[in-house]
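Novice: A predicted structure for the sequence below; I have some questions about it.
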Amino acid sequence: MPHYSDLRSYQIRVLGHLGEQWSEWFDGFSITFSSQGESLLTGPPIDQAALYGLLKRIRDLGIPLISVCPINQNKS
């Protein structure tokens, strides 16, 4: 099991297109769009509590969550 420090970023896929103005509200995660009508939020949460807080915001807005995937960073 990797340590949290090894998981620097996450990709969170949600249904619908979120405007770039939501980036600050989602803790500075970048927002990109797919042609399938989905938004991809990518960024590094401060810690697990911040990640859960971000997921709570998505839930509270009623945005359908598709996936949450950690992005492992290779250490040099």
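Specialist: Done, it's in.

Novice: gap between residue 62 and residue 12?
Specialist: For residue 62, the distance to residue 12 equals 15 Å [CB to CB, to the nearest Å]. For the C-beta atoms, the positions are set from N, CA and C on the backbone; glycine is no exception.

Novice: which one's more surrounded, those two?
Specialist: residue 12 (23 against 6; other CB atoms under 10 Å).

Novice: apart from its neighbours in sequence, what residue is nearest the more buried one?
Specialist: With CB to CB, 6 or more residues apart in numbering as the measure, residue 41 is the residue that lies nearest to residue 12, at 4.3 Å, once sequence neighbours are left out.

Novice: where's that neighbour, which helix or strand?
Specialist: strand 38-43 (DSSP states H and E).

Novice: how about residue 55?
Specialist: helix 48-60.

Novice: could you point out which element follows that helix?
Specialist: strand 65-72.

Novice: what angle do the helix holding residue 55 and strand 65-72 make?
Specialist: Direction vectors for helix 48-60 and strand 65-72, defined by axes from the mean of the first three to the mean of the last three CA atoms, to 10 degrees, enclose an angle of 160 degrees.
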